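>>> Using only what follows, build the 3D model:
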Amino acid sequence: MPLGICVVLPVSIVWLIISNRKFAAEKRAQILLAAIEKNPEMDMEVFAQALVPKQKPLRERLVSRIFTCTLIGTALSLLGGLGMVASIAALLYSINLDSLRDGFFVMTMAFLPVFALGMGLLRAARQAKKDLAHLED
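A predicted model of the protein is given here:
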């Protein structure tokens with residue numbers, strides 16, 4: 001299982017990204033060739049630049065990443081926090097039931113990394129906001 005997560009998953013993600021970019025470039029080339037066949041007098045540089053997707057400015061991309069990081073961090077923090085609170089409440093409720101006690105403890109510890117990951121993302125988003133404000137100065 002760790003081999004699949006640590007090796008196969010990143011390799012397949014990289015392969016998907018590369019194949020998607022390759023497909024987009026081939027599609028643009030086909031469109032350009034079709035336009036040349038239909039109208040050879042057309043200005044191809046202007047047409048080719050119109051086909052290339054325009055990138056957002058760096059500041060706008062950074063702001064959207066900060067927003068995404070904040071959103072995911074908040075969701076994970078809430079999920080982890082509420083899961084830990086619910087597990088602790090269930091653990092306290094079942095204090096006399098020894099058979100369930102270990103299960104609730106494991107559930108509490110399972111929510112701890114989710115909570116920590118959410119808090120880490122929120123901290124990273126906060127630091128990125130500060131860095132972005134210093135970049136503008």
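
>>> Tell me the backbone dihedrals of Q55, please.
phi -90, psi 150 (degrees, to the nearest 10).

>>> Just the pLDDT at it, thanks.
What the model reports as pLDDT for Q55 is 84.

>>> Show me where the chain dips below the pLDDT cut-off.
1, 94-102, 104, 136-137 (pLDDT under 70).

>>> in it, what residue sits furthest out from the centroid?
Distance to the chain centre peaks in the chain at E41, reaching 44.5 Å (criterion: C-alpha atoms, centre = their mean).

>>> Toward the C-terminus from the helix or strand hosting V46, list the very next helix or strand.
If you go by DSSP states H and E, V46 is part of helix 44-51. Later in the chain than helix 44-51, the nearest helix or strand by DSSP H and E is helix 58-93.

>>> And that next one, what does it pack against?
For helix 58-93, the elements it packs on are helix 98-136, judged by 3 or more C-beta pairs under 8 Å, 6 or more residues apart in numbering; DSSP states H and E. Every C-beta, even on glycine, is put in place using the N, C-alpha and C of the backbone.

>>> Report all helices and strands that the helix it packs on contacts.
helix 58-93.

>>> from the chain's centre, how far out does the helix it packs on sit?
With C-alpha atoms, centre = their mean, to the nearest Å as the basis, helix 58-93 stands 13 Å off its chain's centre.
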